[in-house]
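Q: Return atomic coordinates for the entry below.
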Amino acid sequence: MSIVKLARPEIQALHAYNAAEQVDDTIRLNANESPRRSTVGSFRRPLNRYPEVRPQRLQQALAERFGCQFDQLLVTRGSSEAIDLVIRTFCRAGVDSVLVTAPSFSMYRHYAEVQGANLIEVRSMPEQDFAIDVDAILAASDDTTRLIFICSPNNPTGTTLPRPELERLLQARGDASAIVVDEAYVEFGDHESTTALLDRYENLLVLRTLSKALGFAGARCGAVAGPASVVAMLSAVQAPYALATPVVECVEDALQDDQLELARETVAEIVAERERLAAALANYDFVQKVWPSDANFLLVRMVDALRVMRHCEDNKVLLRHFGGDLDDCIRISVGTPDENNRLLQALDTLRDRENG
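A: Next comes the predicted model:
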């Protein structure tokens, strides 16, 4: 059965905005646009005209890249907008709940709170490299649980949920919950994207982004993939003209073969640097544990995390500290070889100071 019925009733009945018709080689006097083309920038499309309500060529290119059908994908302003759209579509304030694992990406909680949805939190298992406990998720889910977010690889732990466990969750929840798999970091691991499962599971939604592997964080472009009927609902909720013309054109350029090959080379370098950095970090006395990672970062437990943070900041190197259950941990994004060397040099001076 379809998870469309899980959506808020008013969203199921919602009609998309009826935008002014756009037809090539016509005089457009129907959209209250300026007739004078802007001289700012050198774009292929005129900026005095509205962009497409939904960028068709870009949608097709991203569907091909992410391994789904055209009508199974909605282009979004980063995967963060996709999170917001999904929660607003499925959750009634004060009634429905969102289940998240912890620790994980904080924006799931943020958008759930904005929508007024209840939050169910299931702790992962740090003693097992922060493995996600599917049995615990199933036990915590109830009749109100409309959405279950699985970040895989997970931010900030770098953990991937094994495919058999994900399928067990999809099968167990059936049409009771939509399972939202956030694959922002999938290119940095050895696991196939779960978009390969879209035709088998109607309760699966997959979030993708161009921010990480393609290095396009500043463009704010991502996507949500899922059943065509659900994608149509999400599209009705999304604002018209969501993607600006400059963004559409620069992302189209980024998806050309030469740029994708450069991105693959960059990912390979980052993965190699991740392993080099992990091995080097393990040699410091103040480093207690470096967790394995399928992402472009490492989670590291320190003897005194805040002291390491302050020392690195004094040496012009910024790291990330989360507090809470991870109070003794730091997340380190993998940089260029030179940037990673700068980090290790800073840690060398800290070690020398302690041993001096």
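
Q: What is the neighbour count of residue 168?
A: Applying other C-beta atoms under 10 Å, we find 14 other residues in the vicinity of residue 168. C-betas here are computed from N, CA, C, even on glycine.

Q: show me the contacts for it.
A: For residue 168, the contact set (C-beta atoms under 8 Å, 6 or more residues apart in numbering) comprises residue 134.

Q: Can you show me the CA trace of the helix or strand harbouring it as PDB?
A: Applying DSSP states H and E as the criterion places residue 168 in helix 163-173. Output of helix 163-173 as PDB, limited to C-alpha atoms (Å, rounded to 0.1, in the frame of the first residue of the first chain):
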ATOM      1  CA  ARG A 163      21.300  -3.100   3.600                       C
ATOM      2  CA  PRO A 164      19.700  -6.200   5.200                       C
ATOM      3  CA  GLU A 165      18.900  -4.200   8.300                       C
ATOM      4  CA  LEU A 166      17.400  -1.400   6.300                       C
ATOM      5  CA  GLU A 167      15.200  -3.800   4.400                       C
ATOM      6  CA  ARG A 168      14.100  -5.400   7.600                       C
ATOM      7  CA  LEU A 169      13.000  -2.000   8.800                       C
ATOM      8  CA  LEU A 170      11.200  -1.200   5.600                       C
ATOM      9  CA  GLN A 171       9.400  -4.500   5.600                       C
ATOM     10  CA  ALA A 172       8.500  -4.300   9.300                       C
ATOM     11  CA  ARG A 173       7.000  -0.800   9.200                       C
END
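
Q: For that helix, buried residues please.
A: Neighbour-count burial for helix 163-173 flags 165, 166, 167, 169, 170, 173 (criterion: 16 or more other C-beta atoms under 10 Å).

Q: Among the residues you listed, which one sits closest to residue 95?
A: For these, the minimum distance to residue 95 (C-beta to C-beta) is 18.1 Å, reached by residue 173.

Q: show me what contacts that closest one?
A: Contact analysis of residue 173 by C-beta under 8 Å, 6+ apart lists 138, 141, 145, 148, 179, 203.

Q: Any chance of TSV for these, columns distance to residue 285 and pLDDT?
A: As requested, these are exported to TSV (distance: C-beta to C-beta, whole Å; pLDDT from 0 to 100):
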residue	distance to residue 285	pLDDT
138	42	98
141	43	98
145	45	98
148	40	98
179	42	98
203	48	98
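
Q: By neighbour count, which of those residues wins?
A: With neighbours defined as other C-beta under 10 Å, the most crowded of these is residue 148; it has 27 neighbours.

Q: Would you enumerate the residues in contact with it?
A: The contact partners of residue 148, by C-beta under 8 Å, 6+ apart, come to 98, 99, 100, 137, 141, 169, 173, 177, 178, 179, 180.

Q: now, which of those residues lie within helices?
A: For the contacts of residue 148, the ones inside helices are 137, 169, 173, with DSSP state H as the criterion.

Q: wait, isn't the first one in contact with residue 99?
A: Yes - contact status for residue 137 versus residue 99: in contact at 6.4 Å, counting by C-beta atoms under 8 Å.

Q: intersection of neighbour lists for the two?
A: Taking C-beta under 8 Å, 6+ apart as the criterion, residue 137 and residue 99 both touch 122, 148.

Q: Could you check which of the two is surrounded by more residues?
A: Here residue 137 and residue 99 are compared on neighbour count by other C-beta under 10 Å; more neighbours surround residue 99, at 27 against 24.

Q: Dig out what the more buried one forms beta bridges with.
A: Residues in a beta bridge with residue 99, per DSSP bridges, are residue 120, residue 148.

Q: Fine, thanks again, bye for now.
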